[in-house]
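Q: Quick one: sequence and predicted model below, then my questions.
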Amino acid sequence: MLRGIGLFLVGCNALAQNSAPSPEQLFERLSPSIWVIKTFDDAGRQIASGSAVVIRAGTLITNCHVLAKARKVSVTRENVAYGASLEHADAARDLCQIKVANFNAPAVTTGPAETPKVGSRVYAIGNPRGLELTISDGLLSGIRRADNDEFVALQITVPISPGSSGGGLFDAQGRLIGITTFALRDSQNLNFALPAAWIAEVPARAAAALAARNERNKPAAGAQAGNAQVFEYRLRDRTTGLAQNIRYRLNRVDGDQLIFNQGSRVERAGGEVVALTSAIAGEYEMAMPPRGWITKTPEPGQTWQLQYDTGPQTYRIRMNITARATDESTMRIGDREFRIMRVEFNGYTERGIPITTGAVYTANAWYAPELGRVVRFDAKTRGGSGIRLFLVDEALELVDIRKE
């Protein structure tokens, strides 16, 4: 009788082991959800490549460091490529969520919330060194925590290389348990993945980080008004070389509104333009969107569309452009240095009375959160011919901030 029970238990154990899919079955099932990420600069040159995992229709997760300095992003697989854009960035945890239009690759299944057991078999699928869809296996060799006992990384013996970043780490059942992220140099098999449980928190954490950043960078209207009554810009026509100084003199503060130049320009703290009755700064004001080029601190990688008509009744301007926040740098104005964020604008403009001619349009605006305003702007476009010719090649830069 006891012998029969022993045989029954052994049989059940064998069945349990056989229930786990083979590596071949796992790869066949999971590989359609793993894609290559490629990033490019302004000139279309590739900067970097990595991996990404489909977590739902049209949405993938990767590491933020894969997207660093990217001006364009695509997700590819074999000979298929899709344009992608950043949706949510949790830079503190190095997890970024990207979205892809008309993209229907299958999503992976995320593993249970409990921490995987050390010693369990795990599989990584990614694109190391650009070698698409590479599967490797190993063990979950440790759970790494911070000094406050916060869960920070899964330590694995699975081999990973540059290009593996953003790939999927799966348990023996094919459930996503981590995102392969980094390895320690000059070490043996010290590789790490971020826990998949963090993926669900990315949108909320990204929104909280953006709100905190905007709050830190929000200029105080009173401080802005009290410390600087005149903003002096230099406007230069790069075609003719002619230049002139443009002054915005703050006359008064009315509630949350800053009244400049006897009311011809009215702003809110942050740079939103409430009213503009006299355009004195060339293209910067002539072609300006209804609320201004930038009205609050953008998040790097953030994009938005602008479609509007503007200009006086005697000369109409129609704009259809895409804005994209790119990189941060610093700019010295007088004896002070300010952090600035660049936003590029690319698209198409049509001009005239009636509007009959159009051309490609490019511009850049540099925004200083501390001042709550654009401190540098350039624009370039050329279209039409004869009496309908329009030519813009201008640069505007804040050169002085002072009291008068």
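A: Alright, I've got the coordinates. Residues are numbered from 1 along each chain as shown.
Q: so where is the chain shaky, pLDDT-wise?
A: For the chain, the stretches with pLDDT under 70 are 1-18, 186, 213-228, 313.
Q: Can you spell out the domain ranges of the chain, please?
A: Following automatic domain parsing, one gets these domains for the chain: 121-197, 220-402.
Q: Give me the distance between the shortest one and the centre of its chain.
A: In terms of Cα atoms, centre = their mean, to the nearest Å, the centre of domain 121-197 is found 24 Å from the chain centre.
Q: so how far does that domain reach from one end to the other?
A: 18 Å (Cα to Cα, to the nearest Å).
Q: How about the contacts made by the residue nearest the centre of the chain?
A: When Cα atoms, centre = their mean is applied to the chain, the residue found nearest the centroid is residue 301 (2.5 Å). Residue 301 makes contact with 67, 70, 85, 86, 89, 324, 325, according to Cβ atoms under 8 Å, 6 or more residues apart in numbering. All C-beta atoms are positioned from the backbone trio N, CA, C, and that covers glycine.
Q: Measure how buried residue 334 is and give me the count.
A: Residue 334 has 10 neighbours, counted by other Cβ atoms under 10 Å.
Q: nope, residue 200 is what I was after
A: Residue 200 has 11 neighbouring residues, counting by other Cβ under 10 Å.
Q: what kind of secondary structure is residue 262 in?
A: Look at residue 262: counting by DSSP: H, G, I helix; E, B strand; the rest coil, its state is helix.
Q: so residue 107 sits in a strand?
A: No. Residue 107 is assigned coil when assessed by three-state DSSP, not a strand.
Q: okay, now it: neighbour count?
A: 17.
Q: so how far is residue 32 from it?
A: Look at residue 107 and residue 32: by Cβ to Cβ, to the nearest Å, they are 10 Å apart.
Q: Next, the contact list for residue 402, please.
A: 228, 229, 230, 232, 334.
Q: Format these as JSON lines; extra columns: secondary structure.
A: Output for the contacts of residue 402, formatted as JSON lines (three-state DSSP):
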{"residue": "228", "secondary structure": "coil"}
{"residue": "229", "secondary structure": "coil"}
{"residue": "230", "secondary structure": "strand"}
{"residue": "232", "secondary structure": "strand"}
{"residue": "334", "secondary structure": "coil"}
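Q: Which two among those residues are spaced furthest apart?
A: 229 and 334 (14.2 Å; Cβ to Cβ).
Q: Mark which of the contacts of residue 301 are part of strands, please.
A: Among the contacts of residue 301, the members falling in strands (DSSP state E) are 85, 86, 89, 324, 325.
Q: nearest spatial neighbour of the last one, skipping sequence neighbours?
A: Translated: residue 325. Once flanking residues are discounted, residue 325 sits nearest to residue 298: 3.7 Å by Cβ to Cβ, 6 or more residues apart in numbering.
Q: How about the secondary structure of the one you found?
A: Look at residue 298: counting by three-state DSSP, its state is coil.
Q: how close does it sit to residue 269?
A: 16 Å.
Q: now whatever helix or strand residue 347 lives in, how far from the chain's geometric center?
A: In the assignment (DSSP states H and E), residue 347 maps to strand 336-352. From the chain centre to the centre of strand 336-352 is a distance of 17 Å (Cα atoms, centre = their mean).
Q: For that strand, which helices and strands make contact with it?
A: strand 316-333, strand 357-368, strand 373-383, strand 390-402 (3 or more Cβ pairs under 8 Å, 6 or more residues apart in numbering; DSSP states H and E).
Q: isn't residue 363 right next to residue 344, touching?
A: Yes. Using Cβ atoms under 8 Å, residue 363 makes contact with residue 344 at a distance of 7.4 Å.
Q: So which of these two has more stuff around it?
A: Using other Cβ under 10 Å as the criterion, residue 363 and residue 344 rank with residue 363 on top: 24 against 18.
Q: Report the contact partners of that one.
A: Applying Cβ under 8 Å, 6+ apart, the residues near residue 363 are 283, 293, 321, 344, 345, 377, 378, 379, 380.
Q: residues touching the first one, list them.
A: Right, the one you point to is residue 283. By Cβ under 8 Å, 6+ apart, residue 283 lies in contact with 363, 377, 379, 392, 394, 396.
Q: I'd say residue 168 and residue 125 touch.
A: Yes. Checked against Cβ under 8 Å, the pair residue 168 and residue 125 is within contact range at 5.3 Å.
Q: okay, and the common contacts of those two?
A: With Cβ under 8 Å, 6+ apart as the test, residue 168 and residue 125 both reach 30, 34.
Q: Tell me which of those two has more neighbours.
A: A side-by-side neighbour count of residue 168 and residue 125, using other Cβ under 10 Å, places residue 168 first with 30 against 24.
Q: if we look at the sheet, which residues does the more buried one bridge to?
A: Counting by DSSP bridges, residue 168 is bridged to residue 125, residue 179.
Q: Repeat that for residue 392.
A: Beta-bridge pairing of residue 392 under DSSP bridges involves residue 381.
Q: who's in contact with it?
A: Shown in contact with residue 392 (Cβ under 8 Å, 6+ apart): 283, 287, 379, 380, 381, 382.
Q: now do residue 94
A: By Cβ under 8 Å, 6+ apart, the contact set of residue 94 is 63, 64, 65, 181, 194.
Q: in terms of contact, does the third one touch residue 179 like I think?
A: No. Between residue 65 and residue 179 no contact is recorded; they are 11.6 Å apart, counting by Cβ under 8 Å.
Q: Tell me which of those two has more neighbours.
A: Legend: neighbour count by other Cβ under 10 Å for residue 65 and residue 179, higher for residue 179 (30 against 15).
Q: Check the gap between that one and residue 51 for me.
A: Separation of residue 179 from residue 51 (Cβ to Cβ) stands at 9 Å.
Q: shared neighbours of the two, which are they?
A: Residues within reach of residue 179 and of residue 51 at once, by Cβ under 8 Å, 6+ apart, are 62, 166, 167, 168.
Q: What count of nearby residues applies to the closest residue to the first one other than its chain neighbours?
A: So that's residue 62. Nearest residue to residue 62 in three dimensions, chain neighbours excluded: residue 166, at 3.3 Å (Cβ to Cβ, 6+ apart). Residue 166: 32 surrounding residues under other Cβ under 10 Å.
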